[in-house]
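Asks: With the input below, show me the fold.
(4 chains)
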There are 2 protein chains.
Amino acid sequence: MHQASGHNHRRCIAAALHSADRLCAGSGTRMTALRRKVLAYVWRGHDAVKAYDILARLGGDAHLAKPPTVYRTLQFLRAQGLVHRLESLNAFVGCPQPGKPHEGQFLICSRCGLVREIHEPAIADAVAEGATAAGFRVERQMVEVQGLCAKCR
Amino acid sequence: MHQASGHNHRRCIAAALHSADRLCAGSGTRMTALRRKVLAYVWRGHDAVKAYDILARLGGDAHLAKPPTVYRTLQFLRAQGLVHRLESLNAFVGCPQPGKPHEGQFLICSRCGLVREIHEPAIADAVAEGATAAGFRVERQMVEVQGLCAKCR
DNA sequence: GTCAGCAATGTTATAATATAGCGAGAGTTC
DNA sequence: GAACTCTCGCTATATTATAACATTGCTGAC
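Replies: Numbering: from 1, shown residues only, chains lettered A, B, ... in the order given. Below is the predicted model of the structure:
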(Lines give C-alpha, C1' and ligand atoms only; values in the text may rest on other atoms or scores of the structure.)
Protein backbone atom coordinates (compact mmCIF):
# COMPACT_ATOMS: atom_id res chain seq x y z
CA MET A 1 0.00 0.00 0.00
CA HIS A 2 1.17 3.45 -0.80
CA GLN A 3 0.47 6.16 1.74
CA ALA A 4 1.65 9.50 0.53
CA SER A 5 3.46 10.95 3.48
CA GLY A 6 3.04 14.51 4.58
CA HIS A 7 -0.68 14.41 4.99
CA ASN A 8 -3.28 13.14 7.35
CA HIS A 9 -4.68 10.29 5.39
CA ARG A 10 -7.69 9.85 7.62
CA ARG A 11 -8.94 13.06 6.13
CA CYS A 12 -8.76 11.57 2.65
CA ILE A 13 -10.89 8.65 3.79
CA ALA A 14 -13.32 10.86 5.65
CA ALA A 15 -13.66 13.13 2.65
CA ALA A 16 -14.36 10.19 0.36
CA LEU A 17 -17.03 8.82 2.69
CA HIS A 18 -18.57 12.22 3.03
CA SER A 19 -18.69 12.70 -0.73
CA ALA A 20 -20.30 9.30 -0.98
CA ASP A 21 -23.06 10.27 1.43
CA ARG A 22 -23.65 13.47 -0.44
CA LEU A 23 -23.74 11.81 -3.86
CA CYS A 24 -26.03 9.03 -2.74
CA ALA A 25 -28.40 11.46 -1.11
CA GLY A 26 -28.46 13.36 -4.37
CA SER A 27 -29.04 10.34 -6.56
CA GLY A 28 -31.59 8.56 -4.39
CA THR A 29 -29.31 5.60 -3.82
CA ARG A 30 -28.16 4.09 -0.55
CA MET A 31 -24.72 4.26 0.93
CA THR A 32 -24.88 1.00 2.80
CA ALA A 33 -22.45 -0.43 5.31
CA LEU A 34 -20.95 -2.73 2.70
CA ARG A 35 -20.41 0.06 0.21
CA ARG A 36 -18.90 2.22 2.90
CA LYS A 37 -16.54 -0.54 3.91
CA VAL A 38 -15.41 -1.17 0.36
CA LEU A 39 -14.95 2.51 -0.38
CA ALA A 40 -12.96 2.97 2.80
CA TYR A 41 -10.74 0.08 1.84
CA VAL A 42 -10.18 1.45 -1.65
CA TRP A 43 -9.05 4.60 0.10
CA ARG A 44 -6.71 2.78 2.48
CA GLY A 45 -3.93 4.46 0.50
CA HIS A 46 -3.29 6.30 -2.73
CA ASP A 47 -2.51 3.26 -4.79
CA ALA A 48 -4.77 0.95 -6.74
CA VAL A 49 -6.61 -1.93 -5.11
CA LYS A 50 -7.31 -5.34 -6.57
CA ALA A 51 -10.83 -6.68 -6.37
CA TYR A 52 -9.65 -9.84 -4.68
CA ASP A 53 -7.77 -7.89 -2.05
CA ILE A 54 -11.03 -6.24 -1.13
CA LEU A 55 -12.61 -9.65 -1.12
CA ALA A 56 -9.97 -11.01 1.25
CA ARG A 57 -10.46 -8.01 3.48
CA LEU A 58 -14.20 -8.53 3.70
CA GLY A 59 -13.65 -12.24 4.17
CA GLY A 60 -11.36 -11.42 7.08
CA ASP A 61 -14.36 -10.06 8.91
CA ALA A 62 -15.57 -13.66 9.06
CA HIS A 63 -18.20 -12.81 6.50
CA LEU A 64 -16.41 -14.71 3.74
CA ALA A 65 -17.72 -12.54 0.96
CA LYS A 66 -17.91 -13.91 -2.57
CA PRO A 67 -16.62 -12.25 -5.75
CA PRO A 68 -20.00 -10.98 -6.97
CA THR A 69 -20.42 -9.00 -3.78
CA VAL A 70 -17.21 -7.12 -4.39
CA TYR A 71 -17.68 -6.60 -8.11
CA ARG A 72 -21.24 -5.38 -7.64
CA THR A 73 -20.17 -2.96 -5.00
CA LEU A 74 -17.32 -1.67 -7.13
CA GLN A 75 -19.70 -1.26 -10.02
CA PHE A 76 -22.00 0.81 -7.87
CA LEU A 77 -19.15 2.98 -6.65
CA ARG A 78 -17.93 3.47 -10.20
CA ALA A 79 -21.41 4.42 -11.34
CA GLN A 80 -21.46 7.09 -8.66
CA GLY A 81 -18.08 8.32 -9.84
CA LEU A 82 -16.52 7.47 -6.49
CA VAL A 83 -14.09 4.92 -7.86
CA HIS A 84 -12.25 4.48 -11.14
CA ARG A 85 -10.98 1.34 -12.76
CA LEU A 86 -7.42 1.29 -14.04
CA GLU A 87 -7.52 -0.83 -17.16
CA SER A 88 -3.81 -1.38 -17.34
CA LEU A 89 -3.71 -2.80 -13.81
CA ASN A 90 -7.09 -4.49 -13.51
CA ALA A 91 -7.42 -2.55 -10.30
CA PHE A 92 -9.41 0.23 -8.70
CA VAL A 93 -8.66 3.58 -7.20
CA GLY A 94 -10.70 6.19 -5.38
CA CYS A 95 -11.63 9.35 -7.22
CA PRO A 96 -10.41 12.41 -5.34
CA GLN A 97 -13.03 14.66 -6.91
CA PRO A 98 -16.17 12.63 -7.27
CA GLY A 99 -19.37 14.16 -8.45
CA LYS A 100 -17.90 16.23 -11.20
CA PRO A 101 -18.03 14.33 -14.47
CA HIS A 102 -14.60 14.30 -15.96
CA GLU A 103 -12.15 12.72 -18.35
CA GLY A 104 -9.41 11.86 -15.93
CA GLN A 105 -5.89 10.81 -16.73
CA PHE A 106 -3.95 8.52 -14.43
CA LEU A 107 -0.30 8.64 -13.53
CA ILE A 108 0.85 5.35 -12.05
CA CYS A 109 4.19 5.03 -10.32
CA SER A 110 5.74 1.74 -11.32
CA ARG A 111 7.96 1.75 -8.24
CA CYS A 112 5.74 2.69 -5.30
CA GLY A 113 2.31 2.18 -6.83
CA LEU A 114 1.09 5.69 -6.23
CA VAL A 115 -1.78 6.64 -8.50
CA ARG A 116 -2.39 10.27 -9.24
CA GLU A 117 -5.43 11.43 -11.14
CA ILE A 118 -5.03 14.58 -13.17
CA HIS A 119 -7.44 16.48 -15.38
CA GLU A 120 -5.61 18.18 -18.18
CA PRO A 121 -7.97 19.61 -20.74
CA ALA A 122 -5.02 19.77 -23.12
CA ILE A 123 -4.78 15.98 -23.06
CA ALA A 124 -8.49 15.37 -23.43
CA ASP A 125 -8.65 17.90 -26.23
CA ALA A 126 -5.69 16.43 -28.08
CA VAL A 127 -7.24 12.97 -27.85
CA ALA A 128 -10.60 14.27 -29.00
CA GLU A 129 -9.00 16.03 -31.93
CA GLY A 130 -6.95 13.05 -32.97
CA ALA A 131 -9.98 10.80 -32.83
CA THR A 132 -12.15 13.23 -34.71
CA ALA A 133 -9.52 13.63 -37.40
CA ALA A 134 -9.71 9.86 -37.86
CA GLY A 135 -13.48 9.99 -38.17
CA PHE A 136 -14.19 8.62 -34.70
CA ARG A 137 -16.85 9.81 -32.33
CA VAL A 138 -15.41 9.59 -28.83
CA GLU A 139 -17.40 7.94 -26.07
CA ARG A 140 -14.75 7.32 -23.50
CA GLN A 141 -11.08 8.14 -23.15
CA MET A 142 -8.65 6.02 -21.21
CA VAL A 143 -5.30 7.59 -20.53
CA GLU A 144 -2.95 5.81 -18.16
CA VAL A 145 0.69 6.63 -17.81
CA GLN A 146 3.24 4.34 -16.22
CA GLY A 147 6.29 6.02 -14.85
CA LEU A 148 8.00 7.27 -11.73
CA CYS A 149 6.43 9.68 -9.33
CA ALA A 150 8.24 12.72 -8.01
CA LYS A 151 9.50 10.85 -4.97
CA CYS A 152 10.68 7.76 -6.79
CA ARG A 153 12.54 9.44 -9.64
CA MET B 1 -14.37 -10.18 -36.89
CA HIS B 2 -14.17 -6.81 -38.47
CA GLN B 3 -12.90 -6.64 -42.02
CA ALA B 4 -12.70 -3.11 -43.23
CA SER B 5 -14.27 -3.24 -46.63
CA GLY B 6 -12.81 -1.48 -49.60
CA HIS B 7 -9.44 -3.07 -49.44
CA ASN B 8 -7.75 -6.32 -50.25
CA HIS B 9 -7.17 -7.65 -46.80
CA ARG B 10 -4.79 -10.35 -47.94
CA ARG B 11 -2.34 -7.57 -48.59
CA CYS B 12 -2.57 -6.49 -44.96
CA ILE B 13 -1.72 -9.99 -43.86
CA ALA B 14 1.06 -10.36 -46.38
CA ALA B 15 2.52 -7.03 -45.36
CA ALA B 16 2.45 -8.00 -41.70
CA LEU B 17 4.18 -11.31 -42.38
CA HIS B 18 6.74 -9.61 -44.54
CA SER B 19 7.47 -7.03 -41.87
CA ALA B 20 7.86 -9.87 -39.42
CA ASP B 21 10.45 -11.59 -41.57
CA ARG B 22 12.34 -8.37 -41.99
CA LEU B 23 12.29 -7.52 -38.28
CA CYS B 24 13.33 -10.98 -37.21
CA ALA B 25 16.16 -11.03 -39.70
CA GLY B 26 17.26 -7.71 -38.30
CA SER B 27 17.07 -8.76 -34.66
CA GLY B 28 18.56 -12.22 -34.99
CA THR B 29 15.35 -13.90 -33.91
CA ARG B 30 13.35 -16.56 -35.69
CA MET B 31 10.01 -16.15 -37.36
CA THR B 32 8.81 -19.69 -36.84
CA ALA B 33 5.75 -21.40 -38.25
CA LEU B 34 3.91 -20.98 -34.95
CA ARG B 35 4.65 -17.29 -34.74
CA ARG B 36 3.67 -16.83 -38.34
CA LYS B 37 0.39 -18.63 -37.74
CA VAL B 38 -0.43 -16.54 -34.69
CA LEU B 39 0.49 -13.29 -36.39
CA ALA B 40 -1.61 -14.19 -39.42
CA TYR B 41 -4.55 -14.92 -37.14
CA VAL B 42 -4.16 -11.66 -35.29
CA TRP B 43 -4.37 -10.06 -38.70
CA ARG B 44 -7.47 -11.98 -39.73
CA GLY B 45 -9.24 -8.64 -39.51
CA HIS B 46 -8.80 -5.14 -38.17
CA ASP B 47 -10.29 -5.81 -34.79
CA ALA B 48 -8.72 -7.09 -31.59
CA VAL B 49 -8.20 -10.78 -30.94
CA LYS B 50 -8.52 -12.60 -27.64
CA ALA B 51 -5.72 -14.90 -26.59
CA TYR B 52 -8.10 -17.80 -26.13
CA ASP B 53 -9.52 -17.32 -29.60
CA ILE B 54 -6.04 -17.81 -30.96
CA LEU B 55 -5.73 -20.81 -28.72
CA ALA B 56 -8.93 -22.32 -30.07
CA ARG B 57 -7.74 -21.66 -33.57
CA LEU B 58 -4.46 -23.45 -33.00
CA GLY B 59 -6.27 -26.23 -31.19
CA GLY B 60 -8.47 -26.65 -34.22
CA ASP B 61 -5.43 -27.80 -36.12
CA ALA B 62 -5.58 -30.89 -33.92
CA HIS B 63 -2.51 -29.67 -32.10
CA LEU B 64 -4.47 -28.73 -29.03
CA ALA B 65 -2.18 -25.91 -28.01
CA LYS B 66 -2.05 -24.82 -24.39
CA PRO B 67 -2.29 -21.27 -23.03
CA PRO B 68 1.44 -20.76 -22.45
CA THR B 69 2.11 -21.42 -26.11
CA VAL B 70 -0.16 -18.60 -27.14
CA TYR B 71 0.92 -16.13 -24.48
CA ARG B 72 4.58 -16.76 -25.18
CA THR B 73 4.08 -16.26 -28.85
CA LEU B 74 2.13 -13.07 -28.28
CA GLN B 75 4.85 -11.83 -25.97
CA PHE B 76 7.42 -12.43 -28.66
CA LEU B 77 5.36 -10.62 -31.27
CA ARG B 78 4.84 -7.72 -28.90
CA ALA B 79 8.55 -7.55 -28.18
CA GLN B 80 9.17 -7.27 -31.91
CA GLY B 81 6.57 -4.50 -32.10
CA LEU B 82 4.40 -6.59 -34.40
CA VAL B 83 1.45 -6.77 -32.06
CA HIS B 84 0.00 -4.47 -29.42
CA ARG B 85 -2.04 -5.33 -26.39
CA LEU B 86 -5.22 -3.36 -25.76
CA GLU B 87 -5.45 -3.04 -22.00
CA SER B 88 -9.09 -2.08 -21.95
CA LEU B 89 -10.09 -5.19 -23.89
CA ASN B 90 -7.54 -7.74 -22.71
CA ALA B 91 -6.99 -8.37 -26.38
CA PHE B 92 -4.39 -8.02 -29.09
CA VAL B 93 -4.14 -6.25 -32.40
CA GLY B 94 -1.58 -6.17 -35.16
CA CYS B 95 0.59 -3.11 -35.53
CA PRO B 96 0.26 -1.63 -38.99
CA GLN B 97 3.67 0.04 -38.83
CA PRO B 98 5.96 -2.28 -36.95
CA GLY B 99 9.60 -1.59 -36.57
CA LYS B 100 9.31 2.08 -35.82
CA PRO B 101 9.20 2.63 -32.09
CA HIS B 102 6.17 4.69 -31.28
CA GLU B 103 3.66 5.83 -28.71
CA GLY B 104 0.50 4.68 -30.39
CA GLN B 105 -3.04 5.64 -29.55
CA PHE B 106 -5.91 3.29 -30.19
CA LEU B 107 -9.40 4.09 -31.40
CA ILE B 108 -11.77 1.23 -30.69
CA CYS B 109 -15.21 1.12 -32.26
CA SER B 110 -17.66 -0.11 -29.66
CA ARG B 111 -20.10 -1.20 -32.34
CA CYS B 112 -18.08 -3.08 -34.96
CA GLY B 113 -14.89 -3.70 -33.06
CA LEU B 114 -12.62 -1.94 -35.53
CA VAL B 115 -9.34 -0.89 -33.99
CA ARG B 116 -7.44 1.94 -35.53
CA GLU B 117 -3.97 2.87 -34.39
CA ILE B 118 -3.00 6.49 -34.74
CA HIS B 119 0.18 8.34 -33.89
CA GLU B 120 -0.57 11.89 -32.95
CA PRO B 121 2.44 13.66 -31.51
CA ALA B 122 0.05 16.25 -30.13
CA ILE B 123 -1.48 13.59 -27.88
CA ALA B 124 1.80 12.09 -26.76
CA ASP B 125 3.18 15.56 -26.11
CA ALA B 126 0.15 16.68 -24.12
CA VAL B 127 0.35 13.54 -22.00
CA ALA B 128 4.06 13.99 -21.45
CA GLU B 129 3.55 17.59 -20.45
CA GLY B 130 0.72 16.81 -18.08
CA ALA B 131 2.74 14.10 -16.42
CA THR B 132 5.83 16.24 -16.16
CA ALA B 133 3.85 19.05 -14.64
CA ALA B 134 2.77 16.59 -11.96
CA GLY B 135 6.35 15.58 -11.30
CA PHE B 136 6.12 12.25 -13.09
CA ARG B 137 8.75 10.74 -15.33
CA VAL B 138 6.92 8.94 -18.13
CA GLU B 139 7.89 5.40 -19.04
CA ARG B 140 4.89 4.28 -21.02
CA GLN B 141 1.71 5.89 -22.24
CA MET B 142 -1.53 4.01 -22.72
CA VAL B 143 -4.18 5.86 -24.67
CA GLU B 144 -7.28 3.96 -25.71
CA VAL B 145 -10.46 5.58 -26.93
CA GLN B 146 -13.82 3.85 -27.07
CA GLY B 147 -16.24 5.29 -29.54
CA LEU B 148 -17.80 4.89 -32.95
CA CYS B 149 -15.81 4.61 -36.12
CA ALA B 150 -16.63 6.63 -39.21
CA LYS B 151 -18.85 3.89 -40.61
CA CYS B 152 -20.76 3.18 -37.43
CA ARG B 153 -21.55 6.74 -36.41
C1' DG C 1 28.69 -34.77 -39.68
C1' DT C 2 28.12 -34.49 -34.79
C1' DC C 3 27.76 -32.72 -30.60
C1' DA C 4 27.21 -28.89 -27.32
C1' DG C 5 24.47 -25.10 -26.42
C1' DC C 6 20.56 -22.56 -26.63
C1' DA C 7 16.17 -21.09 -28.50
C1' DA C 8 11.58 -22.70 -29.12
C1' DT C 9 7.79 -25.31 -27.98
C1' DG C 10 5.20 -28.74 -25.19
C1' DT C 11 3.02 -30.08 -20.77
C1' DT C 12 0.97 -29.91 -16.26
C1' DA C 13 -0.87 -27.40 -12.95
C1' DT C 14 -2.70 -23.47 -10.94
C1' DA C 15 -3.36 -18.47 -10.16
C1' DA C 16 -5.91 -14.32 -10.97
C1' DT C 17 -9.84 -11.84 -12.73
C1' DA C 18 -14.77 -11.65 -13.64
C1' DT C 19 -19.81 -12.69 -14.54
C1' DA C 20 -24.42 -15.27 -14.93
C1' DG C 21 -28.41 -16.39 -12.64
C1' DC C 22 -31.33 -17.13 -8.96
C1' DG C 23 -32.92 -16.59 -4.10
C1' DA C 24 -33.30 -14.38 0.51
C1' DG C 25 -33.55 -10.34 3.31
C1' DA C 26 -34.47 -5.58 4.35
C1' DG C 27 -36.18 -1.05 3.81
C1' DT C 28 -40.17 1.81 1.65
C1' DT C 29 -44.71 2.90 0.07
C1' DC C 30 -49.21 2.60 0.09
C1' DG D 1 -49.12 -5.79 6.26
C1' DA D 2 -48.88 -6.49 1.25
C1' DA D 3 -46.52 -5.24 -2.71
C1' DC D 4 -42.45 -3.42 -4.40
C1' DT D 5 -37.75 -2.68 -5.06
C1' DC D 6 -33.09 -2.33 -3.88
C1' DT D 7 -29.44 -4.87 -1.77
C1' DC D 8 -26.87 -8.68 -0.72
C1' DG D 9 -25.86 -13.80 -0.54
C1' DC D 10 -24.70 -17.86 -2.89
C1' DT D 11 -23.50 -21.46 -6.35
C1' DA D 12 -21.42 -22.18 -10.23
C1' DT D 13 -18.63 -21.18 -13.99
C1' DA D 14 -16.27 -18.32 -17.49
C1' DT D 15 -12.28 -15.82 -18.77
C1' DT D 16 -7.54 -14.37 -18.61
C1' DA D 17 -2.81 -15.46 -17.39
C1' DT D 18 1.54 -17.48 -15.45
C1' DA D 19 4.90 -20.74 -12.99
C1' DA D 20 7.84 -24.48 -13.47
C1' DC D 21 9.77 -28.07 -15.71
C1' DA D 22 10.33 -31.36 -19.89
C1' DT D 23 11.26 -32.00 -24.60
C1' DT D 24 12.35 -30.83 -29.22
C1' DG D 25 15.03 -29.08 -32.69
C1' DC D 26 17.97 -25.47 -34.89
C1' DT D 27 22.72 -23.66 -35.27
C1' DG D 28 27.39 -23.07 -35.06
C1' DA D 29 32.07 -24.83 -33.65
C1' DC D 30 34.97 -28.19 -34.68
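Asks: By residue count, what's the longest strand in chain A?
Replies: strand A:137-148 (DSSP state E).
Asks: quick one: strands adjacent to it?
Replies: strand A:105-109 (parallel), strand B:137-148 (antiparallel) (DSSP bridges).
Asks: does DNA strand C sit close to it?
Replies: No: on the criterion Cβ under 7 Å from any atom of the strand, strand A:137-148 is out of touch with DNA strand C, staying 13.3 Å away. Quick note: C-beta positions are derived from backbone N, CA and C, even for glycine.
Asks: measure residue A:125 to DNA strand C for me?
Replies: Shown here: residue A:125 relative to DNA strand C, a distance of 29 Å by Cβ to the nearest atom of the strand, to the nearest Å.
Asks: quick one: contacts for that residue?
Replies: Residues in contact with residue A:125 (Cβ atoms under 8 Å, 6 or more residues apart in numbering or on different chains) are residue B:126.
Asks: Surely it is in a helix?
Replies: Yes: under DSSP: H, G, I helix; E, B strand; the rest coil, residue A:125 falls within a helix.
Asks: thinking again about what came up before, Throw the strands paired with strand A:137-148 into JSON lines and include mean pLDDT and mean neighbour count, thanks.
Replies: JSON lines is the format used below for the strands paired with strand A:137-148 (pLDDT from 0 to 100; neighbours: other Cβ atoms under 10 Å in any protein chain shown):
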{"stretch": "strand A:105-109", "mean pLDDT": "98", "mean neighbour count": "24"}
{"stretch": "strand B:137-148", "mean pLDDT": "97", "mean neighbour count": "20"}
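Asks: helix/strand/coil for residue A:53?
Replies: Under three-state DSSP, residue A:53 comes out as helix.
Asks: and the residue nearest to residue A:12 when sequence neighbours are not counted, how many neighbours?
Replies: Once flanking residues are discounted, residue A:12 sits nearest to residue A:43: 6.0 Å by Cβ to Cβ, 6 or more residues apart in numbering or on different chains. By other Cβ atoms under 10 Å in any protein chain shown, 23 other residues sit near residue A:43.
Asks: Quick check: residue A:43 vs residue B:99, distance?
Replies: From residue A:43 across to residue B:99, the span is 44 Å (Cβ to Cβ, to the nearest Å).
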